[in-house]
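>>> Mind folding the following:
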Amino acid sequence: MDIVIVGGGIIGTAIAARLGGTDHDVTLVERSRIGEETTAASAGILMETAVDPTPFDLRFRERARESYAELFDRSSIETTRVGTLYVAETPAFADRLEDSTEPLRANGVEASFLPAAEFERFGVDPEGFVGGLYTPGDELCEPTAVAQWFAECARANGATVRTGVTVTDIRTDGRDGIAVSGVETDAGRLEADCVINAAGPWATELNEMVGVSLPLCHTLGPMAALEADDPIEGPVTILESHRYVRPTDGPGVWVGEYLTEYVDGQRYDPSAETVSDEFLETASDVAEIVPALEGATVEDDWLGLRTVTPDGRPLVGETTVDGFVVACGLTGRGITLAPAVADAVAETLAGTVDDETRSRLSPERF
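Residues are numbered from 1 along each chain as shown. Sure thing, here's the model as predicted:
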């Protein structure tokens with residue numbers, strides 16, 4: 001089978017690495033460079049934590065963690081274990097965080113619910129907070145490096161990786177219904193029996209090329225780098241109100257907004273959006289939460305786009321167009337779930353995907 005994967009971020013490259021060792025003829029095309037679009041704009045968190053987790057979601061994350069552990073053993077990529085502290089600002093959210101600890105522990109995740117008074121040991125001012133969910137096993141990585149390493153694995157397994165190539169159309173024919181027949185690019189046509197949409201925030205545009213309508217929306221992911229006098233030690237701290245603080249390996253932190261609520265029809269131009277003045281003006285307010293950031297200043301900023309689904313799970317599987325497969329809508333969890341998504345795509349193509357994975361991730365669930 002001739003397979004074209006569209007998108008060279010962490011999802012597309014993970015799929016290419018997974019499929020490169022099969023009997024398929026695999027080509028990945030990326031409009032820019034590997035891992036330097038949405039993947040590069042992410043916070044690079046490999047998350048064990050989850051709020052209101054279901055057994056399936058936890059098993060799917062565990063599958064990704066196991067794959068990462070094996071893959072990282074074979075590479076020079078390093079991760080930093082910092083943990084995550086989810087912070088409740090209301091009693092209702094505190095109850096949800098506390099209720100999340102048991103299913104996390106049952107799935108082998110070290111998790112505990114902490115009263116706000118214990119936040120001080122993480123350098124977080126407890127005033128105004130109710131409690132928090134703490135998972136010490138969450139790790140930081142350099143996501144572009146991971147995507148580039150997946151691409152190297154794909155090449156080593158026989159896949160073709162092409163960068164600087166933009167998809168302009170996806171061709172279909174009417175034999176036995178509508179089916180994919182090829183991909184048009186600004187560098188020429190590629191024959192394809194299967195096209196995998198791993199285009200991140202551009203996924204909806206690809207879906208429209210073949211007449212597939214799926215519930216995907218965009219949310220903005222603004223980030224700012226704050227420079228402080230000294231390194232800030234502590235976990236990734238995520239507030240109920242969605243702002244978060246991520247430690248770095250230098251003197252300061254990254255500040256972002258973790259917005260994952262589905263808003264029907266909400267779309268942005270990935271090439272045109274910028275960080276708002278309001279976000280930049282308030283980024284340093286996190287010093288009220290992390291006192292060690294007093295006097296920290298914004299030194300850099302960037303914007304990512306999340307592609308979000310109504311239930312927060314990715315869309316992975318076949319569509320109504322024969323040969324058009326989607327792997328998109330990661331809802332801010334692309335770095336965390338990439339290897340598991342790649343496995344699900346490979347199993348879908350092989351016809352071996354289990355019924356639960358199909359029902360939970362298939363586009364047909366909407």
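
>>> how about the helix or strand of the chain with the lowest mean pLDDT: buried residues?
None of the helices or strands of the chain scores lower by mean pLDDT, DSSP states H and E than helix 55-73, at a mean of 93. Using 16 or more other CB atoms under 10 Å as the test for burial, helix 55-73 gives 57-58, 60-61, 63-65, 67-68, 71-72. For glycine as for every other residue, the C-beta is placed from the backbone atoms N, C-alpha and C.

>>> Over to stretch 110-129?
Quick answer for stretch 110-129 (16+ other CB under 10 Å): 111, 113-114, 116, 118-119, 122-124, 126, 129.

>>> Show me which of the residues you listed is closest to residue 358.
residue 111 (28.7 Å; CB to CB).

>>> that older thread, need the max-distance pair from the buried residues of stretch 110-129.
111 and 123 (20.2 Å).

>>> What score does the closest residue to residue 267 other than its chain neighbours have for pLDDT?
Excluding the flanking residues, the one nearest residue 267 by CB to CB, 6 or more residues apart in numbering is residue 218, at 5.2 Å. Note on residue 218: pLDDT of 98.

>>> do residue 233 as well
pLDDT, read off for residue 233, is 92.

>>> now do residue 349
97.

>>> mind checking which helix or strand it is in?
helix 334-350 (DSSP states H and E).

>>> list the buried ones in that helix?
334-349.

>>> ok, residue 54 - contacts?
The neighbours of residue 54, taking CB atoms under 8 Å, 6 or more residues apart in numbering as the test, are residue 103.

>>> That one and residue 311, how far apart?
Remark: distance between residue 54 and residue 311 (CB to CB, to the nearest Å) = 10 Å.

>>> Same question for residue 6.
24 Å.

>>> More neighbours: these two, which one.
The neighbour comparison of residue 6 against residue 311 (other CB atoms under 10 Å) goes to residue 6, with 30 against 13.

>>> pretty sure the more buried one is in contact with residue 194, am I right?
No. Checked against CB atoms under 8 Å, the pair residue 6 and residue 194 is beyond contact range at 11.2 Å.

>>> The stretch 1-150 of the chain: strands as residue ranges?
2-6, 25-30, 45-46, 80-81, 84-88, 112-115, 131-135, 139-140 (DSSP state E, counting those that start in this stretch).

>>> give the contact list for the residue lying closest to residue 265 once chain neighbours are set aside.
Residue nearest to residue 265 in three dimensions, not counting chain neighbours: residue 217, with 6.8 Å by CB to CB, 6+ apart. Contact partners of residue 217, counting by CB under 8 Å, 6+ apart, are 262-267, 307-308.

>>> tell me the SS of residue 256?
strand (DSSP: H, G, I helix; E, B strand; the rest coil).

>>> for it, which residues make a bridge with it?
Counting by DSSP bridges, residue 256 is bridged to residue 223, residue 244.

>>> Show the pLDDT at it.
98.

>>> Pull the contacting residues for residue 82.
138-140, 234-236, 247.

>>> Which of the residues you listed has the largest number of neighbours?
residue 236 (25 neighbours).

>>> and that residue, backbone torsions?
phi -60, psi 130 (degrees, to the nearest 10).

>>> Then residue 164?
The phi/psi pair for residue 164 (degrees, to the nearest 10) is phi 70, psi 20.

>>> Now do it: how many residues are near it, please.
Residue 164, neighbours per other CB under 10 Å, totals 11.

>>> Any figure for the gap between it and residue 338?
22 Å.

>>> same check, this time on residue 93
From residue 93 to residue 338 the distance is 28 Å (CB to CB).

>>> same question, residue 31
In terms of CB to CB, residue 31 sits 19 Å off from residue 338.

>>> Any regions of the stretch 151-300 of the chain where pLDDT drops low?
175-177 (pLDDT under 70).
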